[in-house]
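> Below is the sequence, then the predicted model.
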Amino acid sequence: MTKPLVTILDDEPAIRTMLADALEDAGFRTIGFGRAREFEAALKHQTPDVCLVDLSLPDTDGLTVVHKLALEKGAIVIIISGRAKVQDKVTGLELGADDYIIKPFDPAEVVARIRARLRSSKAEPQSSNSAIFNGWVAHFDSYLLVDAQGVETPFSHAEGEVLRLFLNSPKRLISRSQMQQSLGGAAGESFDRAMDVRISRLRTKLREDPKNPQLIKTIYGAGYIFLGDVSWT
């Protein structure tokens, strides 16, 4: 079995080395980059399983990198940053990051968070990577939504986690606490806002009326219900 590949984008060589040593000791493959340009060039040739991204980079804002990764690559994206303000964390999660770790950190925590994210992404039945519902097909191997006319709309890994959760439990109430337990991350304002953004984006991609969505219904004070008829292929 091929070891999972983790890319590390951080301009501090000592941090890249520390993370690489911890991850390789834990059974991962790693590649490190000090600049976003080198990182993005490498991604044209391979897609990692997990991307660790610092926000303070010498050639671009790390948030821009996070957003592109979430939209284009389908990899698990974890921010590692010295920015400790709640708003920075919320913004990172809203732009598509799956997790946010504040510097300074224990490398063992990073390894544990990565393993948890990989377990979460593999916890659902992998024999069924496409779901059909209400005129749509969701392809979780290619991160694409396809409508009845064949028009393709990409979704991020983070959006895919939420969508798969709904499609695996159609017509059942899913509470915020259940979402937090299933998707990981610390409960609180940043998690709630990140979920609101991901669900809003899914509704937009599914062309839902924001004032009266028919598929993903909000049950105020309780959670959400997905009302579609779902079959897995």
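Structure received.
> tell me, how many neighbours does Lys89 end up with?
25 (other C-beta atoms under 10 Å). To be clear about C-beta, it is placed using only N, CA and C from the backbone, and glycine gets the same treatment.
> brain fart, Asn212
The burial metric for Asn212, expressed as a neighbour count using other C-beta under 10 Å, is 7.
> pLDDT at it, what is it?
Looking at Asn212, its pLDDT reads 89.
> gap between it and Gly96?
From Asn212 across to Gly96, the span is 26 Å (C-beta to C-beta, to the nearest Å).
> list the contacts for Gly92?
Contacts for Gly92 were tallied using C-beta atoms under 8 Å, 6 or more residues apart in numbering; they are 55, 63, 66, 79, 81, 100.
> Mean pLDDT per helix and strand in this protein: which one sits at the bottom?
The weakest-scoring helix or strand in the chain, judged by mean pLDDT, DSSP states H and E, is helix 86-94 (a mean of 79).
> Please identify the buried residues of it?
Of all the residues in helix 86-94, those buried under the rule 16 or more other C-beta atoms under 10 Å are 88-94.
> tell me the secondary structure for the residue lying farthest from the centre of the chain?
No residue in the chain sits farther from the centre than Gln149, which is 27.4 Å out by C-alpha atoms, centre = their mean. Gln149 carries the three-state label coil when classified by DSSP: H, G, I helix; E, B strand; the rest coil.
> show me the contacts for the spatially most central residue of the chain.
By C-alpha atoms, centre = their mean, the mean C-alpha position of the chain lies nearest to Ala158, the distance being 2.8 Å. With contacts defined as C-beta under 8 Å, 6+ apart, the neighbours of Ala158 are 70, 77, 93, 96-98, 194, 198.
> Model confidence at it, what's the number?
The predicted structure lists Ala158 with a pLDDT of 82.
> Surely it forms part of a helix?
Yes - assigned with three-state DSSP, Ala158 falls within a helix.
> ok, the contacts of Ala158 vs Gly32, which is closest?
Lowest distance from Gly32 to the contacts of Ala158 (C-beta to C-beta) belongs to Val77, with 16.1 Å.
> so the closest one, which of the three states?
Applying three-state DSSP to Val77 yields a three-state assignment of strand.
> Pretty sure it sits against Thr47.
No - using C-beta atoms under 8 Å, Val77 is not in contact with Thr47, being 11.9 Å away.
> between these two, who's got more neighbours?
Counted by other C-beta under 10 Å, Val77 and Thr47 do not tie: Val77 has more neighbours, with 29 against 14.
> which ones are touching the more buried one?
So, once contact is read as C-beta under 8 Å, 6+ apart, Val77 ends up touching 50-51, 53, 66, 69-70, 96-99, 157-158.
> about what we covered before: the residue nearest to the centre of the chain and Gly228, how far apart?
Applying C-beta to C-beta, the value for Ala158 to Gly228 is 20 Å.
> PyMOL command for the buried members of the contacts of Val77?
The command below creates a PyMOL selection of those among those that count as buried (16+ other C-beta under 10 Å):
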select buried, resi 50+51+53+66+69+70+96+97+98+99+157+158
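> if we take the contacts of Val77, which one ends up nearest to Leu165?
Once C-beta to C-beta is applied, the member of these that ends up nearest Leu165 is Ala158, at 11.4 Å.
> In contact with Pro4: list those residues for me.
Taking C-beta under 8 Å, 6+ apart as the test, what Pro4 contacts is 28-29, 49-50, 114, 118.
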